[in-house]
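>>> using only what follows, build the 3D model:
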Amino acid sequence: MKKLIFVFLSLFIFSTITLPEPSLAATQQKKTTVKSLKKKVVKQKKRAKVRYSHHINKPQEGDLLKLEGMVKDLNEQ
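Numbers count the residues shown, from 1 in each chain. Presented below is the predicted three-dimensional model:
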């Protein structure tokens, strides 16, 4: 019986004693971000500009001169 009373009294005393609770600000950790000193440079993919084909069969300046030279050679023969 004495043991039961002792157990109940100890539980009652232990439950009434409140431990000092730390403040809310002290318990919350600050979110910190660690910025690396050397950031990795990500190579961006170069997108080629879409070139639409205008005058696809039109010869260029150099090709035109070659064609004229070939025509003159054929006419001379």
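>>> Tyr52: neighbouring residues, count only.
5 (other Cβ atoms under 10 Å). Glycine gets a C-beta too; all of them are placed from N, C-alpha and C.
>>> low-scoring stretches of this structure, by residue?
Applying pLDDT under 70 to the chain picks out residues 15, 18-39, 55, 59-60.
>>> quick one, helices of it?
Here the chain has its helices, by DSSP state H, at 2-16, 24-27, 61-76.
>>> relative to Lys45, which of the ones you listed is closest?
When the helices of the chain are compared by Cβ to Cβ, helix 61-76 sits nearest Lys45, at 33.4 Å.
>>> who are the packing partners of the closest one?
Helices and strands touching helix 61-76, as assessed by 3 or more Cβ pairs under 8 Å, 6 or more residues apart in numbering; DSSP states H and E, are absent.
>>> flag every buried residue along it.
Neighbour counts over helix 61-76 (16 or more other Cβ atoms under 10 Å) mark no residue as buried.
>>> render the CA-only coordinates of it in PDB, please.
The C-alpha coordinates for helix 61-76 follow below in PDB (Å, rounded to 0.1, in the frame of the first residue of the first chain):
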ATOM      1  CA  GLU A  61      27.400  35.500-108.000                       C
ATOM      2  CA  GLY A  62      30.400  33.300-108.300                       C
ATOM      3  CA  ASP A  63      28.400  30.500-109.900                       C
ATOM      4  CA  LEU A  64      26.900  32.900-112.400                       C
ATOM      5  CA  LEU A  65      30.400  34.000-113.500                       C
ATOM      6  CA  LYS A  66      31.400  30.400-113.900                       C
ATOM      7  CA  LEU A  67      28.300  29.600-116.000                       C
ATOM      8  CA  GLU A  68      29.000  32.600-118.300                       C
ATOM      9  CA  GLY A  69      32.600  31.500-118.800                       C
ATOM     10  CA  MET A  70      31.400  28.000-119.600                       C
ATOM     11  CA  VAL A  71      28.900  29.400-122.100                       C
ATOM     12  CA  LYS A  72      31.500  31.500-123.800                       C
ATOM     13  CA  ASP A  73      33.900  28.500-124.100                       C
ATOM     14  CA  LEU A  74      31.100  26.400-125.700                       C
ATOM     15  CA  ASN A  75      30.300  29.200-128.100                       C
ATOM     16  CA  GLU A  76      34.000  29.600-129.100                       C
END
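>>> fine by me, thanks again.
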